[in-house]
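pasted the sequence and its predicted model underneath.
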Amino acid sequence: MDGRNWGGKRKGAGRKKGEVEYQTFSVVLPKEEVELLRREAKSQKMTVSRFISKYLHLAEAVEIEKAGKEGVQEL
């Protein structure tokens, strides 16, 4: 060993995993719609992903779906 002890992979290093698992999703839209989407998200200080999720009420829909499945399992 040449004495250097920095860089490289180390156990426990790096960002810890969060509670939510994210997945990349691609969508094709007309250029004007993409520009509008980006502009509106920026005006509300959000990422485009967060903007879409908020205004399509996706988080709420997921929670409702989870609650429905849990209710069925209890029967």
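It's in.

which residue is nearest the centroid of this structure?
Centroid-nearest residue in the chain: Tyr22, 4.6 Å away (criterion: Cα atoms, centre = their mean).

number of residues surrounding Gly18?
7 (other Cβ atoms under 10 Å). Where you see a C-beta, it was placed from the backbone N, CA and C, and this is true even at glycine.

wait, I meant Lys17
So Lys17, with other Cβ under 10 Å, has 7 neighbours.

dump the residue contacts of it.
Residues near Lys17 by Cβ atoms under 8 Å, 6 or more residues apart in numbering: none.

distance of it relative to Lys9?
Going from Lys17 to Lys9 by Cβ to Cβ, to the nearest Å gives 16 Å.

now do Tyr22
23 Å.

show me where this protein has helices.
31-43, 48-55, 58-74 (DSSP state H).

same for the longest one, what does it pack against?
Translated: helix 58-74. Contacting helix 58-74 under the criterion 3 or more Cβ pairs under 8 Å, 6 or more residues apart in numbering; DSSP states H and E is no other helix or strand.

buried sites along it?
For helix 58-74, the neighbour count (16 or more other Cβ atoms under 10 Å) marks no residue as buried.

quick check: angle from that helix to helix 48-55?
Angle, helix 58-74 to helix 48-55, by axes from the mean of the first three to the mean of the last three Cα atoms, to 10 degrees: 60 degrees.

okay, helix 58-74 in CSV with CA atoms only?
Output of helix 58-74 as CSV, limited to C-alpha atoms (Å, rounded to 0.1, in the frame of the first residue of the first chain):
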residue,chain,number,x,y,z
LEU,A,58,-51.1,11.4,-7.1
ALA,A,59,-50.0,11.1,-3.5
GLU,A,60,-53.6,11.1,-2.3
ALA,A,61,-54.6,8.6,-4.8
VAL,A,62,-51.8,6.2,-3.7
GLU,A,63,-52.9,6.6,-0.1
ILE,A,64,-56.5,5.9,-1.0
GLU,A,65,-55.4,2.8,-2.9
LYS,A,66,-53.3,1.6,0.0
ALA,A,67,-56.2,2.1,2.4
GLY,A,68,-58.5,0.2,0.1
LYS,A,69,-56.1,-2.8,-0.1
GLU,A,70,-55.6,-2.8,3.7
GLY,A,71,-59.4,-2.8,4.2
VAL,A,72,-59.8,-5.8,1.9
GLN,A,73,-57.1,-7.7,3.7
GLU,A,74,-58.8,-7.1,7.1
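
since that was my last question, I'll sign off now.
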